[in-house]
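Peer 1: pasting the sequence and the predicted model now:
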Amino acid sequence: MKWVVERSVSRINTKIQRGYAWLATHLETYYLAVFGLYLASVTLQTTTFNVYYPHRIGVVIELLVMGLLVIKLIGFQELTRRQIVGTAGLLALVGLVTLMAKLPYLAVTGLLVVGARGVDFCKIVRVYLVIVGGILLVAFVAAELGWIQNITFHTTDGLRQSFGVVYTTDFAAHLFYLSCAYLYLRARRFRLVHLILPLLALGVIYAFTKTMTDTLVMIVLLFLYVIYIYRRQLVAVKAFMVGLRYNFLTMPIVAGGILWLSTIFNYQDRGLLKLNDLLSTRLALGNNALLAYGVKLFGQAPIPVNGWGGDRVNTFKNGMGAVTYFFIDSSYLNMLIAYGLVLTLVVVCGTSWFAYHRGQQHDYLLPVMLAVIALSSAFDQHLLEMTYNVFILAFFAKLPTYQTVIGPEFSAPAVVKFHRGQGKIGV
């Protein structure tokens, strides 16, 4: 009997060792599978398929993903002492804010960010495009066929449609972030035909969602992207070259600007009133939020919001009750009030520092994408939401290595060397 038990234990140990050895050599695949599982879950919840998707399943997947990512970090990640301290400090901060704000998705986001160490970022973006793009395509078809709800409502600008997504603005944001990901992957072998899909997305956003902020940031995205692609030909235009060099400052400037304008807003200033109207009352709403809830170091309990998107629009349209609109659209205001001053500074300053170092390594593409996302984040709340912004996973991932600098060297090929290498950022 003892011999049988020992043999069984030996077999189990052998299988565990083989499993560990296989996982150690397939960590990238492991991470991409875990990321894909979570991404599919949270993306489904942004569509009107959510009525068929039990909340408890989403919670179970969230917990499972956190457990699998912890296994990767503890059991397989080889880190220096400095990296261990930095990773532990970041996760401790995110964990504290998660407890204060009672938003579990922050913990998953933090684990996905640090867990991306050693994973090819281009592969992460491809997984994002396939899963989010695929789910949105299915939701679009299902909504048009009447299988799920296509939330629409009339405004003075015309009919706004969400095409199977829970809000028209969220559908527009999905298209914007998908365009960023698509253009990022196409940059290496760019052809003019690659602009067709982003231009189509721009047309859909403008014509069917009537979302002016996303329309504007899509235009900015295409403009800056074209400047990046043709930077050798535009090297004589000093303003463009300066912009490419210093776009790492975009997030601090934009974040500081929207926070300052929201802080000083008052109804007696005609200039601020006009700007408030142009920004769809965002300054007034931000000012109200700051006065009502203030700013804490590590965040606070969830702030009750009330938007006129989604199913709630029926109440607004049908006059079934008094509705007071209150929603913090800006990612920076939302982070500052809900997640606290410390995490907001880490995100804003950390992103700027990361973009600066990418520029030092002659990578001007990723900072362009981060700059446009920084601008968009002044008007939407999706900066830290994985189903939208996949670029927050770039901080620790493996990134391409470039050898071209802005200046006289632009007579050389745009990308002299492009391989899956570990840059300074993410080491």
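Peer 2: Cool, got the structure. Numbering: from 1, shown residues only.

Peer 1: when you work out contacts or count neighbours from here on, use the C-alpha atoms and nothing else.
Peer 2: Fine.

Peer 1: ok, Val295 - contacts?
Peer 2: Val295 makes contact with 336-337, 340-341 under the criterion Cα atoms under 8 Å, 6 or more residues apart in numbering.

Peer 1: which one of those residues sits in the busiest neighbourhood?
Peer 2: Highest neighbour count within these: Ile337, with 27 neighbours (other Cα atoms under 10 Å).

Peer 1: find the least confident helix or strand in this protein, judged by mean pLDDT.
Peer 2: Across the helices and strands of the chain, mean confidence by mean pLDDT, DSSP states H and E is lowest for helix 313-318: a mean of 41.

Peer 1: and after that one, which helix or strand comes next?
Peer 2: Sequence order places helix 331-334 as the next helix or strand after helix 313-318, per DSSP states H and E.

Peer 1: got the contact list for that next one?
Peer 2: For helix 331-334, contacts defined as Cα under 8 Å, 6+ apart pick out 255, 258-259, 286, 328, 344, 377-383.

Peer 1: kindly present those as a markdown table, with separate columns for neighbour count.
Peer 2: Formatted as a markdown table, the contacts of helix 331-334 follow (neighbours: other Cα atoms under 10 Å):
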| residue | neighbour count |
| --- | --- |
| Ala255 | 20 |
| Ile258 | 18 |
| Leu259 | 20 |
| Gly286 | 25 |
| Ile328 | 24 |
| Thr344 | 23 |
| Ser377 | 22 |
| Ala378 | 25 |
| Phe379 | 21 |
| Asp380 | 22 |
| Gln381 | 20 |
| His382 | 22 |
| Leu383 | 23 |
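
Peer 1: from these, pick the one nearest Arg82.
Peer 2: When the contacts of helix 331-334 are compared for distance to Arg82 (Cα to Cα), Thr344 wins out at 22.6 Å.

Peer 1: which other helices and strands contact the helix or strand hosting the closest one?
Peer 2: Thr344 is part of helix 341-360, with elements assigned from DSSP H and E. Counting contacts by 3 or more Cα pairs under 8 Å, 6 or more residues apart in numbering; DSSP states H and E, helix 341-360 packs against helix 81-101, helix 250-264, helix 365-376.

Peer 1: wait, which of the ones you listed is closest to Val390?
Peer 2: Using Cα to Cα, the helices and strands packed on helix 341-360 put helix 365-376 closest to Val390, at 10.6 Å.

Peer 1: the residue nearest to Pro104 when sequence neighbours are not counted - how many residues pack around it?
Peer 2: Sequence neighbours aside, Thr98 is the residue nearest to Pro104 in space, at 5.9 Å (criterion: Cα to Cα, 6 or more residues apart in numbering). By other Cα under 10 Å, the residues close to Thr98 number 22.

Peer 1: which ones are touching Thr98?
Peer 2: By Cα under 8 Å, 6+ apart, the contact set of Thr98 is 104-107, 339.

Peer 1: what's the most distant pair in the contacts of Val295?
Peer 2: Pairwise over these, using Cα to Cα, the maximum falls at Ile337 and Leu341, 7.7 Å.

Peer 1: between these two, which contacts overlap?
Peer 2: With Cα under 8 Å, 6+ apart, Ile337 and Leu341 have common neighbours 295-296, 299.

Peer 1: for those, give me a markdown table that also has pLDDT, secondary structure and distance to Arg358.
Peer 2: Listed next are the shared contacts of Ile337 and Leu341 as a markdown table, based on pLDDT from 0 to 100; DSSP: H, G, I helix; E, B strand; the rest coil; distance: Cα to Cα, whole Å:
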| residue | pLDDT | secondary structure | distance to Arg358 |
| --- | --- | --- | --- |
| Val295 | 92 | coil | 32 |
| Lys296 | 94 | coil | 32 |
| Gly299 | 90 | coil | 30 |
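
Peer 1: output the below-cut-off pLDDT ranges for the stretch 201-350 of the chain.
Peer 2: Within the stretch 201-350 of the chain, the segments meeting pLDDT under 70 span 305-326.

Peer 1: quick one: secondary structure of His154?
Peer 2: strand (DSSP: H, G, I helix; E, B strand; the rest coil).

Peer 1: Arg160 now?
Peer 2: strand.

Peer 1: confidence score at it?
Peer 2: If you check Arg160, the pLDDT there is 91.

Peer 1: which residue, other than its chain neighbours, is closest to it?
Peer 2: Nearest residue to Arg160 in three dimensions, chain neighbours excluded: Thr209, at 4.7 Å (Cα to Cα, 6+ apart).

Peer 1: measure that neighbour to Leu272 for me?
Peer 2: Counting by Cα to Cα, to the nearest Å, the gap from Thr209 to Leu272 is 26 Å.

Peer 1: which one's more surrounded, the two?
Peer 2: Remark: of Thr209 and Leu272, Thr209 carries more neighbours, 26 against 18, as counted by other Cα under 10 Å.

Peer 1: for that one, grab phi and psi.
Peer 2: phi -100, psi -20 (degrees, to the nearest 10).

Peer 1: residues contacting it?
Peer 2: 159-162, 168-169, 171-172.

Peer 1: same thing but 10 Å
Peer 2: 152-153, 157-163, 167-172, 203, 215 (Cα atoms under 10 Å, 6 or more residues apart in numbering).

Peer 1: any chance of a ChimeraX selection covering the buried ones in the residues you listed?
Peer 2: Applying 16 or more other Cα atoms under 10 Å to those leaves a buried subset, and the ChimeraX line that selects it is:
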select :152,153,160,161,162,163,167,168,169,170,171,172,215
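
Peer 1: apart from its neighbours in sequence, what residue is nearest Lys182?
Peer 2: Careful, residue 182 is Tyr; it's not Lys. Per Cα to Cα, 6+ apart, closest to Tyr182 is Leu129, 7.2 Å.

Peer 1: ok, so what distance separates the one you found from Val138?
Peer 2: 14 Å.

Peer 1: before we move on, what about Leu111?
Peer 2: Leu111 is 29 Å from Val138, by Cα to Cα.

Peer 1: between the two, point out the one with more neighbours.
Peer 2: Leu111 (25 against 14).

Peer 1: other residues contacting stretch 53-61?
Peer 2: 34, 37-38, 40-42, 44-45, 62-67, 104-105.

Peer 1: so which of these are in strands?
Peer 2: Using DSSP state E, the subset of the contacts of stretch 53-61 located in strands is empty.

Peer 1: any of those residues buried? List them.
Peer 2: Buried members of the contacts of stretch 53-61, counted by 16+ other Cα under 10 Å: 34, 37-38, 40-42, 44-45, 62-63, 65-66, 104-105.

Peer 1: span of stretch 288-301 from start to end?
Peer 2: 17 Å.

Peer 1: buried sites along it?
Peer 2: Residues 288-290, 295, 298-300 are the ones in stretch 288-301 that count as buried (16+ other Cα under 10 Å).
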